[in-house]
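>>> Any chance you could fold what I've pasted below:
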Amino acid sequence: MTDNYDDIIHLPHHVSKRHPQMRLYSRAAQFAPFAALTSYGEVVAETARYTSPKVEMMEDDRELLDRKLSILFSNLAERPTVSITYFQPDAHKEGGSYLTVTGVVKFIRDSERMILMDNGKRIGVDSIIGLEGEVFRLIEFR
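The predicted structure is shown next:
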């Protein structure tokens with residue numbers, strides 16, 4: 001039985017003298033998967049990224065935080081080191097994350113309701129949910 005290609009099947013492979021052969025890497029790239037939706041993976045990753053909802057503080061916790069802020073304000077000359085836990089809203093979707101920063105408080109701008117740390121970090125007073133530090137241990141809270 002003879003096939004249609006019997007006359008050429010055993011001939012040597014043609015190599016062009018005018019055009020150089022394509023590199024193996026470039027040849028493989030021809031068969032790489034095609035990403036028709038280029039930003040689809042980014043959108044899926046952004047949707048899957050977890051954010052926490054902002055928790056509203058109870059009145060007792062708010063009063064305790066106000067007392068701690070007052071103590072902190074009156075002891076700024078001592079350059080107290082404190083840990084501040086605050087809510088940072090997410091720039092791209094609803095919710096955010098809770099962060100804790102530890103450092104020396106440089107000053108408090110009451111008019112802007114802002115705390116400035118010695119490392120330049122600015123924290124809004126309204127986003128703070130927790131204050132801890134040695135300066136607060138001297139005072140007994142009820």
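
>>> Would you mind measuring the gap between the ends of stretch 119-128?
Terminal residues of stretch 119-128 lie 18 Å apart, using Cα to Cα, to the nearest Å.

>>> buried sites along that stretch?
Applying a neighbour-count criterion of 16 or more other Cβ atoms under 10 Å, one finds Ile123, Val125, Ser127, Ile128 buried in stretch 119-128. (Glycine included, C-beta is placed from N, CA and C.)

>>> What average pLDDT does it get?
What stretch 119-128 shows for mean pLDDT is 93.

>>> Show me the contact partners of that stretch.
Identification of contacts with stretch 119-128 by Cβ atoms under 8 Å, 6 or more residues apart in numbering yields 65, 69, 84-88, 101, 103, 108, 113-117.

>>> and with 10 Å instead?
Applying Cβ atoms under 10 Å, 6 or more residues apart in numbering, the contact partners of stretch 119-128 are 54, 57, 65-66, 68-69, 84-89, 96, 98-99, 101-106, 108-110, 112-117.

>>> that older thread, out of the buried residues of stretch 119-128, which is nearest to Asp7?
Ser127 (81.7 Å; Cβ to Cβ).

>>> Buried ones from the contacts of stretch 119-128, can you make that a ChimeraX selection?
Buried subset of the contacts of stretch 119-128, written as a ChimeraX selection, criterion 16+ other Cβ under 10 Å:
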select :65,68,69,84,85,86,87,96,105,108,115,117
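
>>> just the helices in this structure please.
Secondary structure of the chain (DSSP state H): helices located at 24-29, 40-48, 59-74, 134-137.

>>> Pro80: which of the ones you listed is closest?
For Pro80, the closest of these is helix 134-137, at 4.1 Å, according to Cβ to Cβ.

>>> Enumerate the positions of that closest one that are buried.
For helix 134-137, a neighbour-count test (16+ other Cβ under 10 Å) marks Val135, Phe136 as buried.

>>> same for that helix, what does it pack against?
helix 59-74, strand 81-89 (3 or more Cβ pairs under 10 Å, 6 or more residues apart in numbering; DSSP states H and E).
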